[in-house]
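Sequence first, then the predicted structure:
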Amino acid sequence: MSKVLIIAEKPSVATDLSKALTPKLGKFTKKGKSRDSQHFENDSALITSAVGHLVELKMPTGPNGKNLPWKFDVLPAIPKNFELQPIERTEARLKHILGLAKKKDGEGWQHPSQMEDATPLLWLPG
């Protein structure tokens, strides 16, 4: 059976989702030893959290390959390609989420975002 990966905004939301989805999807088991590798899993879903932003824009570089200084004479610095890089403090979490996304039994992923004046939307399989 294939599983859907649900990525919550923070660990407390992942815990709440595992409790709220138990009646529909079945009981979840908490897995992972470190804070960055914790997730909930059952036969139809994986629930983890992103803990904020995981990637950031790479600083634009000059012709010498070094980062451009923050001076008005070099601004605006608009790169040809906008590249992303992992944020150092959340890189372990990013690797964990990518590992879960690449599992062979995965079907897709969902991100129930928090929106102002609206409840988060969530797609439920089946």
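Now that the structure is in, tell me what you want to look at.

Next, the residue most central in space within the chain: phi, psi?
Residue closest to the average C-alpha location in the chain (C-alpha atoms, centre = their mean): residue 50, at 4.0 Å. Per-residue torsions, residue 50: phi -90, psi -20 (degrees, to the nearest 10).

ok, for it, nearest residue in space, not its chain neighbours?
residue 7 (5.5 Å; C-beta to C-beta, 6 or more residues apart in numbering). Every residue, glycine included, has its C-beta placed from N, CA and C.

after the lengthiest helix in the chain, next one along is what?
The longest helix of the chain (DSSP state H) is helix 11-25. Next in sequence after helix 11-25, counting helices and strands by DSSP states H and E, comes strand 29-31.

Other residues contacting stretch 23-42?
The contact list for stretch 23-42 (C-beta atoms under 8 Å, 6 or more residues apart in numbering) reads 3, 11, 14-15, 17-18, 21-22, 43-48, 92-93, 96, 100, 124-125.

what's the average pLDDT for the host helix or strand of residue 95?
For residue 95, the element it lies in under DSSP H and E is helix 91-101. For helix 91-101, mean pLDDT is 90.

Tell me how far it lies from the chain's centre.
Distance, stretch centre to chain centre, for helix 91-101: 8 Å (C-alpha atoms, centre = their mean, to the nearest Å).

For residue 81, what are phi and psi?
Per degrees, to the nearest 10, the backbone of residue 81 is at phi -120, psi 130.

What score does it have for pLDDT?
83.

The residue nearest to the centre of the chain against residue 9, yeah?
Yes. Residue 50 is in contact with residue 9 according to C-beta atoms under 8 Å; the separation is 6.3 Å.
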